[in-house]
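Undergrad: Here you go, sequence then predicted model.
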Amino acid sequence: MPDQPPMTLFSMTTRAMSAQMVRMNAATSNLANAGSVSSTEEGAYRPIRAVFAVELDRASGLAGVTSSGLVRSETAPTKRYDPAHPLADADGNVWEAGVDETSEMVEIMDSARQYQNLVQALQTAKQLMLETLRSQ
Amino acid sequence: MNERLFGIHGAALTLRSERMGVIASNIANAATPGFKARDIDFNAALDARLSGGRSSSGAASDPRTGPISGMVYRQPTMPSLDGNTVELNREQVAFAENAVAYSATLAFVQGKVNTITRALKGE
């Protein structure tokens, strides 16, 4: 990235916070789709996960983080026999999204904790910078 | 000039600021797979900076030209499966400790500046 301005503490924290937000949004989408039902195995919802990658800025020595993409995990959908379901196929089966609600909740909590940590670190750094600026 | 005026505190303040960036990088990468947490060995880095600033005239003492000396990888208490060595509790403590030390160094620098200002004003 040749045209990027040098990374500062602020831009680094901003990027990290955006990355955490992507992660939290992915987990929330998974939770929202937990229990969604499809009539085919291929059509069932697969959970998504954010992938993080380091973004080293050589000029300042800071290492930011970027979410390099989202991957669909290959969790197999659960087959359930439910002939009364309107989406059931010829054999009377429906496929439920293979979302583990507990692990998604843990993911959200972990992400929220790290987000808090970033905000706290930024606040402290900002306060120190302001103190340095105010001193005559 | 800068070194004569502020003594050790000028270099220490720069180094504290850089260490703050390094620890903030660790906190930012707490969830990145394979990320190795880094830290600055403050004593070693300060020694290197002070001796580097004295022996050569200018170029070597510029902190932006080369990597910070005294940079070390953090040894994790327990290795994790994804190769990430960031432990948030340690980073938090290190960040807090660094912030307090930054404040202390800043107070020293401020004291110096106040002394010089008063001497210049002739109060």
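TA: Done, it's in. On a predicted model such as this, the values are computed, not experimentally measured, just so you know.
Undergrad: And the most centrally placed residue in chain A, how close does it get to A:T78?
TA: When CA atoms, centre = their mean is applied to chain A, the residue found nearest the centroid is A:R23 (0.9 Å). For A:R23, the distance to A:T78 (CB to CB, to the nearest Å) stands at 25 Å. Where C-beta positions appear, they are placed from N, C-alpha and C, glycine not excepted.
Undergrad: Also B:I40?
TA: In this structure, B:I40 and A:T78 are 50 Å apart, going by CB to CB.
Undergrad: More neighbours: which of those two?
TA: The neighbour count for B:I40 versus A:T78, taken as other CB atoms under 10 Å in any protein chain shown, is higher for B:I40 (24 against 13).
Undergrad: Isn't A:V65 up against A:F52?
TA: Yes: taking CB atoms under 8 Å as the definition, A:V65 is a contact partner of A:F52 at 5.5 Å.
Undergrad: Would you mind listing the residues touching both of the two?
TA: With CB atoms under 8 Å, 6 or more residues apart in numbering or on different chains applied, the overlap between the contact sets of A:V65 and A:F52 consists of A:A19, B:N29, B:A31, B:T32.
Undergrad: Out of these, list just those in helices.
TA: When DSSP state H is applied, the shared contacts of A:V65 and A:F52 are split such that A:A19 fall in helices.
Undergrad: Ramachandran angles for the closest residue to A:Y45 other than its chain neighbours?
TA: On the basis of CB to CB, 6 or more residues apart in numbering or on different chains, the spatially nearest residue to A:Y45 that is not a chain neighbour turns out to be A:A97, at 3.7 Å. With angles defined as degrees, to the nearest 10, A:A97 shows backbone torsions of phi -60, psi 130.
Undergrad: Pull the contacting residues for A:A97.
TA: Each residue near A:A97 by CB under 8 Å, 6+ apart is listed here: A:N33, A:A34, A:G35, A:S36, A:V37, A:S38, A:A44, A:Y45, A:R46, A:P47, A:P77.
Undergrad: In contact with the second one, which residues?
TA: Translated: A:A34. Residues in contact with A:A34, defined by CB under 8 Å, 6+ apart, are A:A97, A:V99, A:E101, A:E104.
Undergrad: one more time with 7 Å, if that's ok
TA: By CB atoms under 7 Å, 6 or more residues apart in numbering or on different chains, A:A34 lies in contact with A:A97, A:V99, A:E101.
Undergrad: what's the helix or strand encompassing A:K126 packed up against?
TA: Using DSSP states H and E, A:K126 falls within helix A:101-134. Judged by 3 or more CB pairs under 7 Å, 6 or more residues apart in numbering or on different chains; DSSP states H and E, helix A:101-134 is in contact with helix A:9-32, helix B:8-28, helix B:88-121.
Undergrad: Using JSON lines, please lay out those helices together with mean pLDDT.
TA: Below are those laid out as JSON lines (pLDDT from 0 to 100):
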{"stretch": "helix A:9-32", "mean pLDDT": "93"}
{"stretch": "helix B:8-28", "mean pLDDT": "92"}
{"stretch": "helix B:88-121", "mean pLDDT": "93"}
